[in-house]
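Asks: missing the sequence, but the structure's below:
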């Protein structure tokens with residue numbers, strides 16, 4: 001900053017001499033326009049004015065080659081004069097407002113405090129706005145010339161512009177580097193040249209000087225009571241191993257234990273730079289919202305992003321987030337994922353020390369288990385979103401590493417967002433409707449998630465809205481990202497909605513980081529598979545959650561998933577069972593999978609976990625649903641058998657005798673021992689479309705699961721299976737013995753349900769047995 005001011009001040013002095021302006025005391029300038037402020041404040045104001053003038057002159061010369069140095073000096077003098085007056089006025093206003101108080105930026109984002117802080121620095125705000133505007137204008141002008149004048153679309157020019165865009169982001173600071181990081185893996189949104197240029201920003205930003213970093217480390221360690229860098233570390237790298245937008249990392253060795261560690265140090269004065277950009281955004285977005293008539297609370301979105309962004313600067317919070325996540329995945333046995341252990345004694349707000357992780361970035365690894373780890377990453381993030389409620393919101397490839405032992409390590413826990421339980425279940429329902437292609441229910445989900453403004457909820461029930469959204473979401477769920485979308489069709493359909501109903505959508509502020517996180521994850525998937533569909537990749541976690549969650553909201557979601565138009569969908573059950581196994585295998589570490597394969601288990605860990613749910617002695621909702629369906633199948637099969645017998649000559653004779661017995665009236669009770677079986681049989685004969693549906697369900701379940709059963713029993717025909725072969729199979733699978741109590745409990749419950757059903761039919765105590773579910777029941 002001092003160098004910049006000195007350079008700018010020199011240009012301003014040359015401009016003064018060119019116009020014969022006499023050098024005066026700072027107090028003289030402080031009295032311009034009758035502003036009575038102290039000389040120190042005046043000196044600061046003049047220096048900011050000089051810096052502004054210097055920036056303008058330098059930008060004019062750099063951006064427009066035909067601008068002479070004299071013209072630049074004239075412009076600098078003009079800006080200096082206006083800037084000096086504005087700075088002094090701002091200084092006086094701020095001093096009168098906060099006399100006797102030192103105004104500082106809070107460590108926790110506060111838009112009002114930030115606005116008050118920058119009200120004292122109007123020239124700083126003006127300088128930043130002009131700098132950003134002119135920097136961006138120069139680059140955008142070059143793009144416009146390429147497209148409309150030179151008509152140069154060559155690969156060489158595109159690479160040059162991509163490099164310039166990256167340099168522009170670095171010059172503009174951490175806020176814009178963060179934006180480019182998020183875009184760097186969106187192969188469906190950016191061309192390859194820009195993806196390649198932005199990729200380096202993930203962990204290869206320009207570093208700040210190591211002596212300055214060492215000074216910060218010394219200060220932080222002393223304040224923590226741990227001594228100096230030399231007293232804590234036996235070795236530390238001379239240069240940073242990686243440099244990011246907010247800090248840079250050194251490799252060191254702890255003197256006390258000899259353990260290799262990573263030491264992250266925060267960039268100096270980064271708080272003011274970020275807060276200034278956010279302050280400018282807050283000034284701009286209301287104008288944009290009004291001009292574009294947008295429902296979304298753009299200021300709220302900026303504040304939500306700002307809150308998380310500023311929290312990233314507090315490394316103590318980052319350490320707490322990482323430690324909490326580590327405990328959560330251990331509790332849930334998510335062994336394919338890990339996190340670097342925090343070394344708490346040597347971690348502060350501006351310095352973070354963690355264990356050193358050996359490995360390679362996930363997107364650069366060529367190991368064969370990388371696709372599995374990509375699946376583990378998505379399952380892990382779904383677990384964070386829908387289970388722990390604390391979502392890591394910065395999953396760019398630089399923060400996802402494959403360790404040497406084949407696990408996924410998630411780095412950089414500074415940026416997280418919290419999700420409430422109500423929001424979690426609303427998102428679960430939304431995912432259920434997407435994966436089951438029930439797009440007609442999506443508008444109701446959008447209302448619950450807060451995407452529809454208050455007062456416009458009823459419009460989402462209109463057939464036009466439902467039809468349009470169904471079409472859009474059907475395309476989105478097809479996979480391939482933005483490249484595979486029919487953009488013209490989607491744009492036309494959305495314009496039609498706006499024309500008919502007005503702008504009925506908004507993005508709730510809490511959802512902004514969720515969208516960002518899964519947009520980045522989708523980008524990682526698209527890099528490996530152009531047809532990647534994140535919606536379908538949610539299936540494994542969804543299956544596990546619906547099979548194991550006893551909350552009524554999860555039960556309702558499972559019910560809706562398995563029943564389509566009131567009929568049981570056996571194919572979905574089969575897929576859910578398969579995806580459940582996929583989740584278990586994906587979340588196991590490579591070491592666990594290797595050990596399981598060495599043991600040559602007939603029952604894989606995934607199958608065993610599924611059996612533990614299906615054969616749970618305590619029972620669960622999934623078990624009850626399947627038992628009800630099995631009872632319905634057996635009941636229908638029994639009816640069909642009796643009906644088949646009834647059509648035979650002997651059956652016709654028995655039916656005639658039953659009618660004669662029923663005509664005996666009051667004497668009927670005398671023949672109860674004879675009549676009761678007949679009445680049971682008569683009730684069986686009432687075969688309707690529901691019984692037909694049950695038989696179809698039974699047949700579908702048998703056809704779906706038969707190959708798996710035959711493979712396990714090593715036979716090609718279940719009817720050829722001998723008792724000896726079955727006994728040998730059971731003897732060869734000793735782990736099955738642990739499921740015997742559960743199997744006995746299920747058989748008992750099945751018999752109870754079947755007997756209850758037959759008794760109710762026989763006695764007529766109910767007119768109709770309700771055993772078919774619909775999504776609303």
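Replies: Arrived safely. Predicted model, so just to flag it, every value in this text is computed and none were measured.
Asks: how about the strands of this protein, start to end?
Replies: Using DSSP state E, the strands of the chain run over 233-236, 242-243, 247-254, 260-266, 337-338, 351-355, 359-361, 390-392, 400-403, 408-410, 416-418, 563-564, 567-568.
Asks: figure out which of the ones you listed is closest to residue 375.
Replies: Judged by Cβ to Cβ, the one of the strands of the chain that comes nearest to residue 375 is strand 408-410, at 9.8 Å. C-beta here means a position set from N, CA and C on the backbone, and glycine is covered the same way.
Asks: helices and strands around that closest one, which ones?
Replies: strand 337-338, helix 370-383, strand 400-403 (3 or more Cβ pairs under 8 Å, 6 or more residues apart in numbering; DSSP states H and E).
Asks: which one of these lies nearest to residue 177?
Replies: Judging the helices and strands packed on strand 408-410 by Cβ to Cβ, what sits closest to residue 177 is strand 400-403, at 18.2 Å.
Asks: quick one: contacts for residue 395?
Replies: Neighbouring residues of residue 395 by Cβ atoms under 8 Å, 6 or more residues apart in numbering: 377, 381, 410, 517, 520-521, 524.
Asks: in the stretch 401-550 of the chain, which spans are helices?
Replies: Listed in chain order, the helices of the stretch 401-550 of the chain (DSSP state H, counting those that start in this stretch) span 421-435, 442-449, 463-477, 487-501, 512-528, 534-537, 539-548.
Asks: would you mind giving the ones you listed as JSON lines with mean pLDDT added?
Replies: Shown next, in JSON lines, are those (pLDDT from 0 to 100):
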{"stretch": "helix 421-435", "mean pLDDT": "89"}
{"stretch": "helix 442-449", "mean pLDDT": "85"}
{"stretch": "helix 463-477", "mean pLDDT": "69"}
{"stretch": "helix 487-501", "mean pLDDT": "66"}
{"stretch": "helix 512-528", "mean pLDDT": "76"}
{"stretch": "helix 534-537", "mean pLDDT": "80"}
{"stretch": "helix 539-548", "mean pLDDT": "89"}
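Asks: deepest-packed of those, please.
Replies: helix 539-548 (a mean of 23; mean count of other Cβ atoms under 10 Å).
Asks: got the contact list for that one?
Replies: 375, 378-379, 382-383, 386-387, 428, 431-432, 435, 554, 557-558, 561, 575-577, 579-580, 582-584, 586, 610, 613, 622.
Asks: buried only: go through these for me.
Replies: Buried subset of the contacts of helix 539-548 (neighbour count, 16 or more other Cβ atoms under 10 Å): 375, 378-379, 382-383, 386-387, 428, 431-432, 435, 554, 557-558, 561, 575-577, 579-580, 582-584, 586, 610, 613, 622.
Asks: show me the shaky parts of the stretch 551-700 of the chain.
Replies: Across the stretch 551-700 of the chain, the ranges flagged by pLDDT under 70 are 594-604, 643, 645-686.
Asks: one more time with 50, if that's ok
Replies: Within the stretch 551-700 of the chain, the stretches falling below the threshold (pLDDT under 50) are 664, 667-676, 678, 683-684.
Asks: got the contacts of residue 395 as TSV, with distance to residue 448 columns?
Replies: Listed next are those as TSV, based on distance: Cβ to Cβ, whole Å:
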residue	distance to residue 448
377	27
381	21
410	29
517	20
520	25
521	23
524	28
